[in-house]
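> model this:
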Amino acid sequence: MNDLSALAAALRPVVAEAGAAIMRVYDADIAVQRKADDSPLTLADLESQRILLDGLSRLTPGVPVVSEEASHADWSERSRWRESWLVDPLDGTREFVKRNGEFTVNVALIVEHEPVLGVVAAPALGLTYWGAAGLGAFRARRGVAESRIHVSPRHTPIRIVGSRSHSTPQTDAYLGRFPAYELTAIGSSLKFCLVAEGAADLYPRFGPTNEWDTAAGQAVLEAAGGHVTRPDGHRLRYNCRATLLNGDFLAFSDPAVLPPG
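Got it, this is the predicted structure:
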């Protein structure tokens with residue numbers, strides 16, 4: 001994928017179409033099913049996935065896709081992939097069901113284990129974020145011209161974003177290492193985007209996530225000048241193991257915002 005700019009431009013209308021399909025369900029009665037892990041599934045997840053998979057097959061025929069709601073290739077096959085797409089057709093289904101607007105469509109291109117392009121759309125909020133390696137990161141708000149975004153300098157007190165639906169004792173212990181901080185709870189991959197646009201400094205995540213939950217947000221944040229690492233400081237990478245689960249991670253604007261020790 002040499003021309004990430006052209007690919008991002010072609011991908012955004014596909015993501016917007018998926019977002020429109022989600023909103024048609026959002027504006028009607030929401031029927032909720034339960035998956036094997038008891039997480040919610042709606043028609044919006046499935047309609048968004050159908051549109052995204054069709055669009056990606058047209059844009060990049062032959063490039064494999066890993067999507068939350070589709071069956072996944074075995075590691076014996078995935079381990080040979082040089083590039084692939086990671087798709088979450090509706091990130092934050094719990095927020096969707098609660099009708100608080102804090103859900104997203106996430107699409108990321110992975111090349112050699114790294115997220116090089118990401119699009120994150122929040123259709124209920126009229127927001128789309130995208131970024132690519134070497135191109136920078138951008139935000140478009142419905143009715144407003146797109147603008148370049150960048151992480152902000154260190155803020156005092158540190159502005160931390162966390163999950164609205166997934167709190168853990170490890171997160172509480174980590175927050176206790178800060179003498180003072182401001183905490184905002186928000187759903188889905190919007191947490192990455194708030195750091196990317198300079199509205200927050202740090203998003204710590206202690207607890208399970210899937211690779212499709214994080215890749216697009218990571219691509220946007222890194223393109224905006226930020227970082228996503230494991231607690232040991234190594235960059236979060238993709239399609240490196242048989243499991244599609246991430247470990248704990250920190251998404252931040254600058255290493256200076258991290259607590260000492």
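> Next, name the residue at the spatial heart of the chain.
G217 (3.4 Å; Cα atoms, centre = their mean).
> Helix or strand for the closest residue to that one other than its chain neighbours, just tell me which one.
Nearest non-adjacent residue to G217, counting by Cβ to Cβ, 6 or more residues apart in numbering: F192, 2.9 Å away. Placement of C-beta: from N, CA and C, glycine included. For F192, the host element (DSSP states H and E) is helix 190-196.
> any residues touching that helix, and which ones?
Helix 190-196 is contacted by residues 92, 102, 104, 120, 122, 127, 129, 131, 137, 139, 149-151, 161-163, 184, 186, 200-203, 214, 217-218, 220-221, 223-224, 226, 228, 251-253 when judged by Cβ atoms under 8 Å, 6 or more residues apart in numbering.
> Toward the C-terminus, what is the element adjacent to that helix?
Following helix 190-196 toward the C-terminus (DSSP H and E): strand 202-205.
> Centre of the chain to that next one, how far?
Relative to its chain's centre, strand 202-205 lies at 13 Å (Cα atoms, centre = their mean, to the nearest Å).
> Ends of stretch 184-196, what's the gap?
15 Å (Cα to Cα, to the nearest Å).
> Return the set of buried residues in that stretch.
By neighbour count on 16 or more other Cβ atoms under 10 Å, the buried set for stretch 184-196 is I186, G187, S188, S189, L190, K191, F192, C193, L194, V195, A196.
> could you dump the residues you listed to CSV with distance to F96 and pLDDT?
Below are these laid out as CSV (distance: Cβ to Cβ, whole Å; pLDDT from 0 to 100):
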residue, distance to F96, pLDDT
I186, 14, 94
G187, 9, 91
S188, 9, 93
S189, 13, 96
L190, 13, 97
K191, 16, 97
F192, 18, 98
C193, 17, 98
L194, 19, 98
V195, 22, 98
A196, 22, 98
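> and the residues you listed, which two are the farthest apart?
By the measure Cβ to Cβ, G187 and A196 form the most distant pair in those, at 16.2 Å.
> buried sites along the longest helix seen in the chain?
The single longest helix within the chain, with elements called by DSSP state H, is helix 4-26. Buried residues in helix 4-26, counted by 16+ other Cβ under 10 Å: 4, 7-8, 11-12, 14-19, 21-22, 25-26.
> which one among the residues you listed gets closest to N246?
Nearest to N246 out of the buried residues of helix 4-26 is V15 (Cβ to Cβ; 22.0 Å).
> which stretches of the chain form helices?
Counting by DSSP H, the helices of the chain are 4-26, 43-59, 75-78, 93-98, 169-175, 190-196, 211-223.
> among these, which is nearest H155?
Nearest to H155 among the helices of the chain is helix 190-196 (11.0 Å), distances taken as Cβ to Cβ.
> Run through the stretch 1-150 of the chain and note the low-pLDDT ranges.
Along the stretch 1-150 of the chain, the model assigns pLDDT under 70 to residues 1-2, 29-41.
> residue at max distance from the center of this structure?
Residue farthest from the centre of the chain, counting by Cα atoms, centre = their mean, is P179 at 28.9 Å.
> How far away from the center of its chain is stretch 126-138?
Its chain's C-alpha centre and that of stretch 126-138 lie 12 Å apart, by Cα atoms, centre = their mean.
> Nothing else from me, thank you.
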